[in-house]
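Peer 1: Here is my input, please return the structure:
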Amino acid sequence: MDSWWAICASSSRMSTDLMRSQWCCAVVLLGLTAYRIHYTKRSNTGDVLTSRTHYYDPVIAELLVTSILTILGSMAIIGLIAGRMGGPKSFMGELLYLFIVWVMFLVGAAITTHKWLHLKWCRGSQKVCRILETIKAFSWICFGLLSFLMLFAIADYFWSRYRKGGSAYGGSTYPEARTASAAPATYTAPAPATQQPPATHTTETTYTEVRATNAPATATA
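Peer 2: Sure thing, here's the model as predicted:
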C-alpha cells in the first residue's frame, strides 16, 4: 500500500514531463500534417500513391486539428498539474480534455494506419511515403502518451484526496490519525451552607406549678 501511494505522490512530476513530451510530439505532427495538406492541395500531376490532384485527406485534416488542440491544451494542463489549486473541478476538466483528445488521436491514427498500411516498398525512394509513415508513427506516439497521462491524472486525483486526509470516496483514510481533545474540566462551586435558625427554648408551665406559686405560704408553729 505504501508503494502505491509513493507512486501516486510522484505522478504530478511524471505527468508534467509526459505533457511536455506530448506538446513536442504534437508540434511535430502539426508540421507534418500541414505539409501533407499543402502538398496535396498544390499537386498538379499526382504522385506514386494516387493520380488525384488538388485534394486533401480528411483524416490528415483531423489530425492537424487534434494537434492544434493538444498544443493549446497542453499549456493549460501543465499549469493545472503544477498548481493543483483548482480542486476536483480541475481534475474533472483535465480528464475530460484528455479523453476527448485521446479519442481523436485514436480515430486519426487508426484510419491513417488502415489507409496507408503498406508503404515499405516506397518509403526508401519517395518522400511522400516517408511523410505518411512519420505521420502514422507520431499519431500513435501521441495516443500512447495520452493514455499514460490519463492514468497519471487518475492517480494524482486519488493522491490529492489522500494527502488532504480523505479517501477517494469522501471518507477518512485508514489508519486514521485522530487527535482526541480532552473536554475542559468544569468547576462546580459548592453550594453555600444554609444557616439553621436558632433553636427556641420553650418552657412548659404545668397547672401544678402555677398553683404552687400562687398558694400562700403556711406558717409553721
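
Peer 1: What is the subsequent helix or strand relative to the helix or strand that contains residue 92?
Peer 2: Assigned by DSSP states H and E, residue 92 belongs to helix 88-115. Downstream of helix 88-115, the first helix or strand assigned by DSSP H and E is helix 127-163.

Peer 1: Show me which positions of that following helix end up buried.
Peer 2: Under the neighbour-count criterion of 16 or more other CB atoms under 10 Å, helix 127-163 has 128-129, 131-143, 145-146, 149-150, 152-162 buried. Any C-beta I mention is one placed from the backbone N, CA and C, and that applies to glycine too.

Peer 1: go on, stretch 20-40?
Peer 2: Those would be 21-23, 25-26, 28-30, 32-33, 36-37, 40, for stretch 20-40 by 16+ other CB under 10 Å.

Peer 1: quick one: the closest residue to residue 135 other than its chain neighbours and residue 161, what's the gap?
Peer 2: With CB to CB, 6 or more residues apart in numbering as the criterion, residue 135 has its nearest non-adjacent residue at 5.0 Å, and that residue is residue 32. According to CB to CB, to the nearest Å, residue 32 stands 40 Å off from residue 161.

Peer 1: Any idea how many residues pack against residue 111?
Peer 2: When neighbours are counted by other CB atoms under 10 Å, residue 111 registers 17.

Peer 1: sorry, back to before: and the buried residues of stretch 20-40, which is closest to residue 99?
Peer 2: Comparing the buried residues of stretch 20-40 against residue 99 with CB to CB places residue 22 closest, at 14.2 Å.

Peer 1: mind listing what that closest one touches?
Peer 2: Residues near residue 22 by CB atoms under 8 Å, 6 or more residues apart in numbering: 70, 74, 142, 145, 146, 149.

Peer 1: just the angle between the strand or helix carrying it and helix 88-115, please?
Peer 2: If you go by DSSP H and E, residue 22 is part of helix 11-41. Going by axes from the mean of the first three to the mean of the last three CA atoms, to 10 degrees, helix 11-41 is angled at 40 degrees with respect to helix 88-115.

Peer 1: quick one, helix 11-41 and helix 127-163 angle?
Peer 2: Going by the same axes, to 10 degrees, helix 11-41 makes 160 degrees with helix 127-163.

Peer 1: can you redo the buried residues of stretch 20-40 as CSV with distance to residue 66?
Peer 2: Shown next, in CSV, are those (distance: CB to CB, whole Å):
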residue, distance to residue 66
21, 16
22, 11
23, 13
25, 11
26, 8
28, 13
29, 8
30, 9
32, 12
33, 9
36, 14
37, 14
40, 18
